[in-house]
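Undergrad: Take this sequence and fold it.
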Amino acid sequence: MLKSKLVLSIILIVACLAQLFSCVFQGNFQNAFMIGLAPSDYGLEISKFLPLLLPVCFILFFTSGSIENLKQGYGKMLIVRNYSKTVLILKRCLNNFIALICIVLFQFIIFFVARESMTPVESGTLKSLIMYFLTIFSLIVIQSLLEISIPAHIVNIGIFIYCFIAYYLVQNFVDAPIWKMLLFPSLMFGMQNGAVSGESIYYGYLLFIVALNALCIFILNLRFKKTDIF
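TA: This is a model prediction of the structure:
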């Protein structure tokens with residue numbers, strides 16, 4: 001387990017450095033992980049905005065298998081020790097929440113240290129960071145929900161592909177709020193959720209993401225209660 005965490009930590013560092021290199025090369029902090037891309041900068045060039053999604057891939061693999069382990073590993077032992085399934089799920093979500101805080105703070109520190117190499121964004125950084133965090137947390141909860149019935153590695157691949165397609169479509173082809181909600185992974189970037197441009201729709205998106213998290217945790221709890229642990 002320790003070796004796995006070390007490998008994943010190295011992957012995160014490499015992913016952040018790849019993002020940083022991309023940002024410095026472009027000379028614009030608006031291309032940082034929590035800000036997103038301006039359509040005029042990248043257009044349809046996939047290779048230029050793909051580095052922004054690398055940490056998301058890391059995070060999904062970092063949180064992968066948590067529900068699968070509960071179903072087939074030590075979950076039965078925890079139930080025997082008088083844990084209710086609801087408490088078990090809530091603790092798992094809390095652990096993932098705390099782990100995500102640490103990861104996002106690490107990302108932020110890297111870009112904060114290197115901010116002088118890039119053109120700063122005048123406003124919206126905090127709002128972008130909040131939306132980035134909550135959007136990725138919703139992906140983690142959905143990951144846990146799907147792991148109840150689908151192998152973890154397939155879930156990871158599927159969610160990452162969905163993130164890529166969602167951001168690509170919103171970046172280049174669709175702009176209506178309803179599409180951004182359906183393709184919600186794109187909302188993790190400030191150029192798409194209105195945090196940087198100051199659009200009032202940002203708070204609507206924020207409410208949507210919070211409601212999505214609550215709904216997914218509720219459904220996850222209901223599904224897990226009906227799941228056999230063996």
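Undergrad: burial measure for the closest residue to residue 200 other than its chain neighbours, as a count.
TA: Of all residues not flanking residue 200 in the chain, residue 194 sits nearest, at 7.3 Å (C-beta to C-beta, 6 or more residues apart in numbering). No exception for glycine: its C-beta is placed from N, CA and C like everyone else's. Number of residues near residue 194 (other C-beta atoms under 10 Å) recorded here: 23.
Undergrad: okay but residue 194 is in contact with residue 206, surely?
TA: No: between residue 194 and residue 206 there is no contact under C-beta atoms under 8 Å: 9.5 Å.
Undergrad: how close does the residue nearest to residue 200 sit to residue 128?
TA: With distances defined as C-beta to C-beta, to the nearest Å, the gap from residue 194 to residue 128 amounts to 10 Å.
Undergrad: swap in residue 209?
TA: Plainly put, residue 209 is 13 Å away from residue 128 if you go by C-beta to C-beta.
Undergrad: Between those two, point out the one with more neighbours.
TA: Neighbour comparison, residue 209 and residue 128: the larger count goes to residue 128, with 27 against 22 (by other C-beta under 10 Å).
Undergrad: Name the nearest residue to the more buried one, ignoring sequence neighbours.
TA: Nearest residue to residue 128, sequence neighbours excluded (C-beta to C-beta, 6+ apart): residue 190, at 3.3 Å.
Undergrad: Make sure the one you found is actually in contact with residue 126.
TA: No: counting by C-beta under 8 Å, residue 190 does not reach residue 126; the two are 10.0 Å apart.
Undergrad: So which of the two has more stuff around it?
TA: residue 190 (26 against 10).
Undergrad: Report pLDDT for the more buried one.
TA: Residue-level confidence at residue 190 comes out at 78, pLDDT.
Undergrad: cool, residue 51 as well?
TA: 68.
Undergrad: Check residue 20 too.
TA: Model confidence at residue 20, expressed as pLDDT, equals 61.
Undergrad: Also the one 3 residues further on?
TA: Model confidence at residue 23, expressed as pLDDT, equals 57.
Undergrad: same question, the one 4 residues further on
TA: At residue 27, the predicted lDDT confidence score is 51.
Undergrad: Do me a favour and average the pLDDT over the longest helix along the chain.
TA: Using DSSP state H to define each element, the chain has its longest helix at helix 85-113. Mean per-residue pLDDT for helix 85-113: 83.
Undergrad: immediately after it, which helix or strand?
TA: Following the chain from helix 85-113 toward its C-terminal end, the next helix or strand by DSSP states H and E is helix 125-147.
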